[in-house]
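**Student:** Build the 3D model from these lines:
(one chain, ligands or ions: 2)
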Amino acid sequence: PQTIHLADYTPFGWTVRDVHLTVKLSPRATRVVARIHFAPRGDAPAQDFFLHGEELTLLRAAIDGAEVTPEITPQGLTCPVPDGPFLWESEVEIAPADNTALEGLYMSNGMYCTQCEAEGFRKITYYPDRPDVMATFTVRIEGDEPVKLSNGNPADSGAGWAEWHDPWPKPAYLFALVAGDLRNHPGSFTTKSGKEVELNIWVRPGDEGKCAFGMEALKKSMTWDEEVYGREYDLDIFNVVAVDDFNMGAMENKGLNIFNSSCVLASPETSTDANFERIEAIIAHEYFHNWTGNRITCRDWFQLCLKEGLTVYRDSQFTSDMRSAEVKRISDVIALRARQFPEDQGPLAHPVRPESFQEINNFYTATVYEKGAEVIGMLKRLVGDEEYYKALDLYFERHDGDAATIEDWIRVFEDATGRDLSQFKRWYSQAGTPRLSVSEDFSEGTYTLTFRQTTPPTPGQPDKAPQVLPIAVGLLNPNGHEVVPTTVLEMTEAEQSFTFEGLSAKPVPSILRGFSAPVVLERDSAPEERAFLLAHDTDAFNRWESSRDLARDCLVAMVTEGAAPDTAWLDGLERVIRDDTLDPAFRALMMGGPTQSETAQVLHERGHVPDPDAIWDAHESLRQAMAERWQDLLPALAEEARVTEAYRPDAAQSGKRALGSAVLALQTRLDGGKAAEAQFASADNMTLQLSALACLVQAGRDEAALRAFHDQWQDDRLVMDKWFALQIAATTPDKAPERTAALTEHPAFDWTNPNRFRSVLGALAMHHTGFHAKDGRGYKLLADWLIKLDAKNPQTTARMCSAFQTWKRYDADRQALMKAQLERIAARPGLSPDTGEMVSRLLS
Ligand code: B3K
Ligand code: ZN
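**Tutor:** Ligands and ions are numbered 1, 2, ... in the order given. From the prediction side, this is the model:
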């Protein structure tokens, strides 16, 4: 396999004026006729005319009307071409019904659909399939399917055909086509300049009733982008389609977003509060790409974070505005630590802007997305809100219609703010999570904080330079009053001190408020100080964080020294949980505590080898101690969490239900599942039903409930995904691998459907103790299935290989077992390049 380097970028030698496609649909013999106008561009180095094309049968090719015979390889074709502009015509045949990789044109439940990002268009026709080649597209679809959709505006249609025209030049990865027997949930939106936009959510017959929430989310997103970023929609129509077989969440194709049905379909009976929040965020994310991704796209795939980091940042701002900003920030940091930190600290570590890759699909990672968004957040904190929006205005003005780079992005900020951002730019090129330690000094009214930063080596980057760290700090006096409100310290050196004058007593610092930089903060503060911040900090994030720190210390002591749960921390936590002036969602988060993988990560960071069984035991005894300690408090909290009005998936109600399920989980430890059984029987929404079922599984009292749930929902594929996942996720370690194996034999286990595959094998990978079963049966089971799936769907297989990314953290026996499975995958004849690249990076 070939490695591609950022440093080797060269522009394509031709521009494409326009593309005309005729797609004659047929499951095993779709014909694609392309007519493309090319013109040489003077500013590109001399090169052969090369068009990407994979798995295509070329039937005919012509240049300016004269037949030609190109030279064909598995990657594409070359052909002599005239010196000036010319018309390229080709006709190819493809078989969407045989396309199990779900990339290019494929079929899902009888419906045609496409996924072209990153490099799927080359499986539809011969084309310069690279994001810096932008063109207008006209697409004619021929077929009997009642609904036929493509990008842009509808141009014309007749019996058995429909034509679409997209006036906005775009790269091929944003091309989309959908055809099938679909029903629409219609809507409309008037933009701020008075333009009427037709909106549709297209679904399979029977799913019409699950579209209303997505439609409202879309309208809210359109309004928000106008109000906050001044960005208006730019076509007459915006279509969203739900498909069941999809490799990821959703795709921002111009004017025709395609969604994994799990990321758009919602109803109170079938979706949890968390599903609703995620759907709202993904609808927003894909919509926001219309400006950050589509109108301004990426020059090459190394610049992926240009659109993804920024768009994730924008969707997190949107969710903060729609719901609770504090709760969103805490949830984002939990997710960052769970997904991005392990990546950044293991064999898969790579910069936010990678410098080389074999398969770009392997770089749609938490680092590119979530750390990419953190980088934007830091930039905003450093320059301030006003300058940030000034810079964004300039970005849209200067680069509209461009395929841009991170250099362009940084230059916009430098020009708009007058700052030198050369050191800041390191965030894009240097991989790894910086560690930040801090010491303090107080004398004669002057308080000094001294910070040190180091970043451990990552693959290919042994030496790290200091990063620019915005460190948000506030100071509290010993009475718990804030004496210095949040101030952003700008750290640029490896070691740097900051002073605060005129203090009458030694203050208590609240450091890294709002998690102002994605670092590991190493601070050996006294437990009393953490308890003090838990009680008094005005920054909600750090209030939560101080409790989390105490929880981490407590769990580490329990695992490594057999210590008892820390009662002082539990007392402090109880005061917060009891405080009914605080948002129930925030209190639910406070009750949550670290996951077992997080404890493993913390142990690893502190130089211990994590033992999954010991971690399980420690978590169990801690939860049990909480339940017993709070047994008188739980009924009152349950009462407070009760929602009496009709179900609404908004922040207020979801927060209450989140508190309720945290309480129920503890209560189940005291009553063996009585309360959970009652809730399961009376639940009229999926949030309550599923949280009750989780408790019953946990308590081992699940047979009847699992059967009832199955019988109730067996015809709803998205709910059945939950049924599969939950009984693995919530079970005890000894049962997790067996249950997984048994569920792979279930008649409803359609392993070619990525959602179903993930709901079973993904649930195993996320069951920390179950996956890490000492005899290696968890590892073997996952590897067996990855090998099997790879032959059909390399993208989903490769992505799921990251379950092994922390393998070097564990004891020698487990390491050997995991390594053996990775080697077994690597040795598989015919392994896809996608999975091949992942396992070789994991083993390196
Ligand atoms: N841009 C797509 C992801 C495409 C993934 C290709 N393997 C969805 C998104 O980030 O919005
Ligand atoms: Zn995106």
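**Student:** In the stretch 551-700 of the chain, what residue lies closest to ligand 2?
**Tutor:** Across the stretch 551-700 of the chain, the shortest distance to ligand 2 (CB to the ion) belongs to P649, at 22.7 Å. For every residue, glycine as well, the C-beta is placed using N, CA and C.
**Student:** domain parsing for this protein?
**Tutor:** 4-270, 297-429, 437-517 (automatic domain parsing).
**Student:** and the first one with ligand 1, contact?
**Tutor:** Yes. Using CB under 6 Å from any ligand atom, a contact is recorded between domain 4-270 and ligand 1, made by 117-118, 248, 250-252.
**Student:** Quick one: mean pLDDT for that domain?
**Tutor:** In this model, domain 4-270 has a mean pLDDT of 98.
**Student:** same thing with the shortest one?
**Tutor:** Mean pLDDT, taken over the full extent of domain 437-517, equals 98.
**Student:** Let's see the distance spanning it from one end to the other.
**Tutor:** 13 Å (CA to CA, to the nearest Å).
**Student:** Also the longest one?
**Tutor:** Its first and final residues considered, domain 4-270 spans 44 Å by CA to CA.
**Student:** and the residue of the stretch 51-200 of the chain nearest ligand 1?
**Tutor:** E117 (4.1 Å; CB to the nearest ligand atom).
**Student:** neighbours around that residue, how many?
**Tutor:** When counting by other CB atoms under 10 Å, one arrives at 25 neighbours for E117.
**Student:** Quick check: chain neighbours aside, which residue is closest to it?
**Tutor:** Closest residue to E117 apart from its sequence neighbours, by CB to CB, 6 or more residues apart in numbering: Y173 at 4.2 Å.
**Student:** what about the one you found, distance to ligand 2?
**Tutor:** 12 Å (CB to the ion, to the nearest Å).
**Student:** ok, that residue - contacts?
**Tutor:** Applying CB atoms under 8 Å, 6 or more residues apart in numbering to Y173 gives the contacts 116-121, 129, 131.
**Student:** Of these, just the buried ones, PyMOL syntax please.
**Tutor:** The PyMOL selection below is limited to those of the contacts of Y173 classed as buried (16 or more other CB atoms under 10 Å):
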select buried, resi 116+117+118+119+120+121+129+131
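**Student:** Using the three-state scheme, assign the residue nearest to S661 when sequence neighbours are not counted.
**Tutor:** Of all residues not flanking S661 in the chain, S691 sits nearest, at 3.6 Å (CB to CB, 6+ apart). Classification of S691 using DSSP: H, G, I helix; E, B strand; the rest coil returns helix.
**Student:** Run a quick neighbour tally on S691.
**Tutor:** 24.
**Student:** was I right about it contacting L664?
**Tutor:** Yes. Under the criterion of CB atoms under 8 Å, S691 is in contact with L664, at a separation of 6.1 Å.
**Student:** Any chance you could list what contacts the helix or strand that contains W723?
**Tutor:** Element membership for W723, per DSSP states H and E: helix 717-729. With contacts defined as CB under 8 Å, 6+ apart, helix 717-729 is touched by 244, 261-262, 265, 270-272, 686, 690, 693-694, 697, 702, 706, 709-710, 713-714, 736, 739-740, 743, 746, 748-749, 753, 755-756, 759-760, 762-764, 766-767, 770.
**Student:** Next, the angle from the helix or strand just after that helix to helix 717-729.
**Tutor:** As assigned by DSSP H and E, the chain's next helix or strand after helix 717-729 is helix 736-743. Going by axes from the mean of the first three to the mean of the last three CA atoms, to 10 degrees, helix 736-743 is angled at 150 degrees with respect to helix 717-729.
**Student:** hey, C-alpha coordinates of the helix or strand just after helix 736-743 in CSV?
**Tutor:** Toward the C-terminus, helix 736-743 is succeeded by helix 754-757 as the next helix or strand (DSSP H and E). Taking Å, rounded to 0.1, in the frame of the first residue of the first chain, the C-alpha atoms of helix 754-757 are listed here in CSV:
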residue,chain,number,x,y,z
PRO,A,754,-22.9,-1.7,10.6
ASN,A,755,-25.3,-0.6,13.4
ARG,A,756,-26.1,-4.1,14.4
PHE,A,757,-22.5,-5.2,14.2
